[in-house]
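Novice: Turn this into a structure:
(chains A, B, C and D)
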There are 2 protein chains.
Amino acid sequence: MAGYSLNATAASLLGFLMDGPLTGWDLVRTAEERIGDFWSLTRSQVYRELTAMAAAGLIRAGELGPRDRRPYAITSAGQKAFRAWLEREPGPESIRFPLLLTLLFGRSLPRGRLAEMVAHHRALHADRLAGYEAAHAELVGSRGRIDPISLAPLELGIAYERAVMAWFDQLPLEIAGTAAGKISGR
Amino acid sequence: MAGYSLNATAASLLGFLMDGPLTGWDLVRTAEERIGDFWSLTRSQVYRELTAMAAAGLIRAGELGPRDRRPYAITSAGQKAFRAWLEREPGPESIRFPLLLTLLFGRSLPRGRLAEMVAHHRALHADRLAGYEAAHAELVGSRGRIDPISLAPLELGIAYERAVMAWFDQLPLEIAGTAAGKISGR
DNA sequence: TCCTTGACAGTCTACTGTGGCATGTCGCAG
DNA sequence: CTGCGACATGCCACAGTAGACTGTCAAGGA
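Specialist: Numbering: from 1, shown residues only, chains lettered A, B, ... in the order given. Prediction:
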């Protein structure tokens, strides 16, 4: 109870529960939507954390609803744990970029194969960037003042995707192939 | 043996072993240096993969040297597995950005505390960017043609860090605090 | 010479994270 | 009334992380 140390995923779940009880399924969808772009989590993980946190008294399981929905409510111990987690220095971000591995080891790959992979990933990023920009435009376009905090993650996403696109476009032809790298995703 | 499916970490180890036998310790250091910026791995993981790959016949353990150094050499089965892995479409990259979590949930954080965290992370990124730029300048500055492939990861790193810095610098004062966000790391 | 210090080298364990399979529920279209 | 697809959870195996732990060896100071 005392000294129960939260990981960031569990803490995020508590963060969502601060606004009221939610089921595991709800939490997965909420998290996917609100933090999915910069914090990955899986169903399994969510249910496991919920079980663990319920055992630790940070949340309380409610009665089973239809379709076995089980709502969880945050307890005061949970609120305390959440606030304690918030105070901590956030860790460094971590990035894993498989394409760079293939690139680095790909000397022996047949001509064209590498270019194909690069083109494919470029298209994925183009799509992602377009999605972020659309979301951003929609938020900014809506009348009324927008909370800068909810804008910040989106803006980082856009900055990131633009940087990646610029990187793709300056790759030497030896890697990116002819114009293949410029094929749009849609 | 047949059908042994490599994960990217194991494949990278094989990639390094293509140039000759190395010990687990060597591999950790080599990987840290060559791919550490975009592919995290830990000692535990490396030794576990080595044991597994040795059992699967992809590498062969040599005799114990001083300090229990145990060199591993890639086998022909290992080379085959490595080439097969190279052919596969690299997966999507993944990013986890804890600072954004704290930001998003940080409404209740005391004024200043958030700014402090932002400033700290900004300094970390400034340092990282400076390091990348120095490495890049050194590579480009050295006489002779530079392999564009070994330059590409570095250039992506620089593009990424610049984007993050630009994002930090456009954060509204409500988040970043006064000039605190501009304090340099060194 | 002995002793401390610190880099080297590997092992172990607990926890966190991912992906997929299995099971069952319920609303609804045909 | 049947079958499909979205909803909802549980479970497992594997991948990845973090840090403690043991032991080895070289070098330099007391």
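Novice: what about residue A:51, which SS state?
Specialist: In the three-state summary, residue A:51 is assigned as helix, counting by DSSP: H, G, I helix; E, B strand; the rest coil.
Novice: Tally up the residues packed near it, please.
Specialist: By other Cβ atoms under 10 Å in any protein chain shown, 14 other residues sit near residue A:51. Every residue, glycine included, has its C-beta placed from N, CA and C.
Novice: pLDDT value on residue A:178, please?
Specialist: Listed pLDDT for residue A:178 reads 62.
Novice: Equivalent analysis for residue A:111, please.
Specialist: 76.
Novice: any idea of the mean pLDDT in stretch A:11-21?
Specialist: 96.
Novice: near DNA strand C, which residues of chain A show up?
Specialist: A:5, A:7-10, A:40-45, A:48, A:52, A:66-68 (Cβ under 7 Å from any atom of the strand).
Novice: where in chain A is pLDDT low?
Specialist: Within chain A, the stretches with pLDDT under 70 are A:1-4, A:143, A:178-186.
Novice: Which PyMOL command selects the buried ones in the residues of chain A next to DNA strand C?
Specialist: To isolate the buried members of the residues of chain A next to DNA strand C in PyMOL, using 16 or more other Cβ atoms under 10 Å in any protein chain shown:
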select buried, chain A and resi 8+9+10+41+45
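Novice: how about the residues of chain A next to DNA strand C, which pair is most distant?
Specialist: Greatest spatial distance among these (Cβ to Cβ): A:5 and A:66, at 35.2 Å.
Novice: sorry, back to before: and which of the residues of chain A next to DNA strand C is nearest residue A:169?
Specialist: Of those, the one sitting nearest to residue A:169 (Cβ to Cβ) turns out to be residue A:40, at 27.1 Å.
Novice: burial count for the closest residue to the closest one other than its chain neighbours?
Specialist: In this structure, residue A:40 finds its nearest non-sequential neighbour in residue B:94, 5.9 Å apart by Cβ to Cβ, 6 or more residues apart in numbering or on different chains. The local packing of residue B:94 (other Cβ under 10 Å) involves 12 other residues.
Novice: Confirm for me that residue B:94 is in contact with residue A:95.
Specialist: Yes. If you go by Cβ atoms under 8 Å, residue B:94 and residue A:95 touch, sitting 7.4 Å apart.
Novice: Excluding chain neighbours, what is closest to residue A:37?
Specialist: Nearest non-adjacent residue to residue A:37 (Cβ to Cβ, 6+ apart): residue A:157, at 5.6 Å.
Novice: Just give the number of residues close to that neighbour.
Specialist: 23.
Novice: That one: which element?
Specialist: Using DSSP states H and E, residue A:157 maps to helix A:148-170.
Novice: Could you pull up phi and psi at the nearest residue to residue A:113 once chain neighbours are set aside?
Specialist: Nearest in space to residue A:113, with sequence neighbours left out and distances taken as Cβ to Cβ, 6+ apart, is residue B:87 at 7.2 Å. Main-chain dihedrals, residue B:87, degrees, to the nearest 10: phi -70, psi -20.
Novice: Walking through chain A, point out its strands one by one.
Specialist: A:22-23, A:59-61, A:71-74, A:94-96 (DSSP state E).
Novice: Out of those strands, which is closest to residue B:34?
Specialist: So among the strands of chain A, strand A:94-96 is nearest, using Cβ to Cβ, at 14.7 Å.
Novice: Which strands border that closest one, and is each parallel or antiparallel?
Specialist: strand B:94-96 (antiparallel) (DSSP bridges).
Novice: so does the strand it pairs with get close to DNA strand D?
Specialist: No. Strand B:94-96 lies out of reach of DNA strand D by Cβ under 7 Å from any atom of the strand, never closer than 9.4 Å.
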